[in-house]
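>>> Starting from these lines, generate the structure:
(2 chains)
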Amino acid sequence: MSKLVLALTTSSLDKLTSAGVILSGAAAEDMEVDVFVLVNAGHAFIKGKAENLTGMSDTTQTSEEFQKALDNLSTPNWTEFFEMAKDMTQVNIYICSLAGKIAGGDNKEDYIDIVDDIVGIGEYLECAAEADVNLCL
Amino acid sequence: MTTEELKAITPDKVVDSRGTACPGPLLAVKQAIADVDSGEIMQVLSSDAGTKRDIPRWCTKQGHDYLGDFEEAGFFTLYLKKN
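Residues are numbered from 1 along each chain as shown, chains lettered A, B, ... in the order given. Take a look at the predicted model:
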């Protein structure tokens, strides 16, 4: 089983959706996936925030326009993409402890259910060294 | 296979993913392949142009036979055989 490591550094809706699309593709190909949530990406995984994100890294569209476009294409939202990928293959989602502190989540219980653990950066580097594909969003 | 040969196939499973965008059709095929026995044929209907490249490549990686496709009435019809 080949392995994808994805470092996620932002809580913007468009980047999270991109991550979800990539995760889904990896799941379709039975890849093992480790997602490392770094710095500002931690906010997206905090309970109560995941469903209410409005930030966009790209200003071509507002978040409302972006969401409407996704809805028109019957495309899942980012959390649904992540959940589908977890159902289909081995997907681990790790919160970097710094990202956790920035987002105000020190404990695993502070995060939505798809989060597997809170880890240090050494875990990311070790997994990245072993991966077949490394991506950073 | 020619379009005529493909049209003559009676599929064992039909996956209609028209109206969904990438990666929807690929995910639908991935999920549906579990319902197909080895040697059986799946027909995939998709209105997403990316499917025409995604599914053949996925078949190669997963070890299934991609039989071909044709475009008609504004959507693609693709055939694969599970190995």
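>>> State which helix of chain B is the longest.
Across chain B, the longest stretch assigned as helix under DSSP state H is helix B:51-62.
>>> for that helix, packing partners?
In this structure, helix B:51-62 makes packing contacts with helix B:24-32, strand B:41-46, strand B:65-72, strand B:75-81, judged by 3 or more C-beta pairs under 8 Å, 6 or more residues apart in numbering or on different chains; DSSP states H and E. (C-beta placed from N, C-alpha, C; glycine too.)
>>> Include mean neighbour count and distance to chain A when you put these into JSON lines, please.
Written out in JSON lines, the entries for these read as follows (neighbours: other C-beta atoms under 10 Å in any protein chain shown; distance: least, C-beta to the nearest C-beta, whole Å):
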{"stretch": "helix B:24-32", "mean neighbour count": "21", "distance to chain A": "4"}
{"stretch": "strand B:41-46", "mean neighbour count": "22", "distance to chain A": "12"}
{"stretch": "strand B:65-72", "mean neighbour count": "15", "distance to chain A": "15"}
{"stretch": "strand B:75-81", "mean neighbour count": "21", "distance to chain A": "13"}
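>>> any idea of the angle the longest helix of chain B forms with strand B:75-81?
Our comparison of helix B:51-62 with strand B:75-81, counting by axes from the mean of the first three to the mean of the last three C-alpha atoms, to 10 degrees, yields an angle of 10 degrees.
>>> possible to save the helices and strands packed on helix B:51-62 as a markdown table with distance to A:Thr17 and mean pLDDT?
Conversion of the helices and strands packed on helix B:51-62 to a markdown table gives the following (distance: least, C-beta to C-beta, whole Å; pLDDT from 0 to 100):
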| stretch | distance to A:Thr17 | mean pLDDT |
| --- | --- | --- |
| helix B:24-32 | 13 | 93 |
| strand B:41-46 | 20 | 97 |
| strand B:65-72 | 28 | 96 |
| strand B:75-81 | 24 | 97 |
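>>> Tabulate those in CSV, adding columns for distance to A:Glu65.
Conversion of these to CSV gives the following (distance: least, C-beta to C-beta, whole Å):
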stretch, distance to A:Glu65
helix B:24-32, 20
strand B:41-46, 25
strand B:65-72, 30
strand B:75-81, 26
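>>> Any idea which helix or strand in chain A has the lowest mean pLDDT?
Every helix and strand in chain A was compared by mean pLDDT, DSSP states H and E; the lowest is helix A:97-103, with a mean of 88.
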